[in-house]
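Trainee: The sequence and its predicted three-dimensional model are supplied below.
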Amino acid sequence: MHHEDQIIADELRTLNDADFHHQFESIVSVELAATIRVLHFTNELDRRKSFLEMGYSSVLDYCMRKLGYSRSGAGRRIQAARCARRYPEVFGMLRTRELSPGTAALIESILIDDNKDEILSRIRGASHREIERVVSEYRPPVALRDRFHFVQVPVPAPKNADAEFFGRQCRRSLPEEWRQPVEEKVYVQFLADEEFMKLFEEVRNLMPDGGEQNIADVMRRVLTEYRDRHSPAARHARREAKNGSARLESQRWECDNTQSRHIPDEVRDMIFVRDAEQCTFVAGDGTRCRCRKGLQVDHIRPFSAGGTHDPSNLRLLCGAHNRLAAEHVLGKHVMQAYWRQQ
């Protein structure tokens, strides 16, 4: 135990019951007030979007990497904050403990002007089970979501008889809790329709030993083939193998003789490889944006101002940092309409 934690534990043991419960109630009140302030800070951060200048691509990214929240913890706070921003009476219910931040996050996606009063009245002070039942009424009939989480599973027994015998002898010499070897896997859950299942079976049957392939094996092969066909890095490698890297590096991609904004595919792939398929925005303190989704190839010198398609004038930016760059050039008043309203 950390030294400071030990001091707190020792201090608490010296309190009589009355003082203990008084301090417990006081610290919980402070925790609630701090939580509500966190929600206000989250909404103000969302409004300012100052996290972009600091190298973060979203409020979620900032809360995870800068503040140290887990993805789920950050997501719940952001949803609760947005719920209370849209309907300020939620803040009042949080203060009176008629609603928890977790519940505010849970109802954020279903709360609209038409059902707001009814839902808030039904969940006021209700148990978690009752709240989930209310929420399920307003969600689509199937509320299962795609999800991934890590699990520990037993290691399959070796097929080789000698290896199995050796493994049994080794396990007998270990403590009981160590005898079952495990490995880490990822549990994947998603919904599919009948058309997907027919397509899956058709693809599996096309594979060698298709009948023996499990779902993970089939999906791994399909995903690998798709990546090898469509990944900018894979396409770039094929061009280098075909044309020679020296020729690609020496080529110039000027746009002086064309009016097209279209960046040649080979140049786009080159930029993705060069920038490691990650947003290149770097804040003043050296923090680089880690976003890898929805990346856009941006002209450092705008195309409208004579910027070329030469790789030295191109960079990868996520959508948020691309809009931020446009703000610096065009002004906030021009780009305000392009920010997604949340």
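Mentor: Good, I have the coordinates. Residues are numbered from 1 along each chain as shown.
Trainee: host element of residue 226?
Mentor: Using DSSP states H and E, residue 226 sits within helix 215-230.
Trainee: For residue 316, report the pLDDT, please.
Mentor: Note on residue 316: pLDDT of 96.
Trainee: from what I can see it touches residue 275, true?
Mentor: Yes - with contact defined as C-beta atoms under 8 Å, residue 316 reaches residue 275; the gap is 4.1 Å. Any C-beta I mention is one placed from the backbone N, CA and C, and that applies to glycine too.
Trainee: Mind listing residues that contact the strand or helix carrying residue 271?
Mentor: Residue 271 belongs to helix 265-274 when assigned by DSSP H and E. With C-beta atoms under 8 Å, 6 or more residues apart in numbering as the test, helix 265-274 has contacts from 232-233, 235-236, 239, 248, 253, 295, 297, 309, 311, 314-316.
Trainee: And the strands in the stretch 1-150 of the chain?
Mentor: Counting by DSSP state E, counting those that start in this stretch, the stretch 1-150 of the chain has strands at residues 147-154.
Trainee: in it, which spans are helices?
Mentor: Taking DSSP state H, counting those that start in this stretch as the criterion, the stretch 1-150 of the chain carries its helices at 3-13, 17-48, 59-65, 71-86, 89-95, 101-107, 116-123, 128-138.
Trainee: and what of the stretch 151-300 of the chain?
Mentor: Applying DSSP H, counting those that start in this stretch to the stretch 151-300 of the chain gives helices spanning 161-172, 194-206, 215-230, 232-243, 245-250, 265-274.
Trainee: coming back round to it: which one of the contacts of helix 265-274 sits closest to residue 333?
Mentor: The shortest approach to residue 333 among the contacts of helix 265-274 belongs to residue 315, at 24.8 Å (C-beta to C-beta).
Trainee: Can you give me the neighbour number for the closest one?
Mentor: Close neighbours of residue 315, defined as other C-beta atoms under 10 Å, add up to 20.
Trainee: give me every residue that touches it.
Mentor: Contacts were defined as C-beta under 8 Å, 6+ apart; by that measure residue 315 touches 271, 275, 280, 297-298, 300.
Trainee: ok, what's across the strand from it?
Mentor: Residue 315 has the following beta-bridge partners by DSSP bridges: residue 298.
Trainee: re earlier: for residue 316 and residue 275, indicate the residue with more neighbours.
Mentor: More crowded of residue 316 and residue 275, by other C-beta under 10 Å: residue 316, with 25 against 18.
Trainee: do you know how far that one is from residue 55?
Mentor: Look at residue 316 and residue 55: by C-beta to C-beta, to the nearest Å, they are 14 Å apart.
Trainee: Residue 263 now?
Mentor: Distance of residue 263 to residue 55, computed by C-beta to C-beta: 25 Å.
Trainee: swap in residue 75?
Mentor: Distance, residue 75 to residue 55, using C-beta to C-beta: 20 Å.
Trainee: Equivalent analysis for residue 120, please.
Mentor: Distance of residue 120 to residue 55, computed by C-beta to C-beta: 38 Å.
Trainee: Any buried residues in stretch 94-108, and which?
Mentor: 94, 99-101, 103-108 (16 or more other C-beta atoms under 10 Å).
Trainee: do the same with stretch 21-36
Mentor: Within stretch 21-36, the residues that count as buried by 16+ other C-beta under 10 Å are 32, 36.
Trainee: Measure how far that stretch is from the centre of its chain, please.
Mentor: Averaging C-alpha positions (C-alpha atoms, centre = their mean, to the nearest Å) puts stretch 21-36 31 Å from its chain's average.
Trainee: Dump the C-alpha coordinates for that stretch into PDB.
Mentor: The C-alpha trace of stretch 21-36 is given here as PDB (Å, rounded to 0.1, in the frame of the first residue of the first chain):
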ATOM      1  CA  HIS A  21     -20.100   8.800   9.000                       C
ATOM      2  CA  HIS A  22     -20.100  12.600   9.100                       C
ATOM      3  CA  GLN A  23     -16.800  12.800   7.200                       C
ATOM      4  CA  PHE A  24     -18.000  10.100   4.800                       C
ATOM      5  CA  GLU A  25     -21.100  12.100   3.900                       C
ATOM      6  CA  SER A  26     -19.100  15.300   3.500                       C
ATOM      7  CA  ILE A  27     -16.500  13.700   1.200                       C
ATOM      8  CA  VAL A  28     -19.300  12.200  -1.000                       C
ATOM      9  CA  SER A  29     -20.900  15.700  -1.200                       C
ATOM     10  CA  VAL A  30     -17.600  17.100  -2.400                       C
ATOM     11  CA  GLU A  31     -17.300  14.200  -4.900                       C
ATOM     12  CA  LEU A  32     -20.800  15.000  -6.300                       C
ATOM     13  CA  ALA A  33     -19.900  18.700  -6.600                       C
ATOM     14  CA  ALA A  34     -16.700  17.900  -8.300                       C
ATOM     15  CA  THR A  35     -18.400  15.500 -10.800                       C
ATOM     16  CA  ILE A  36     -20.900  18.200 -11.800                       C
END
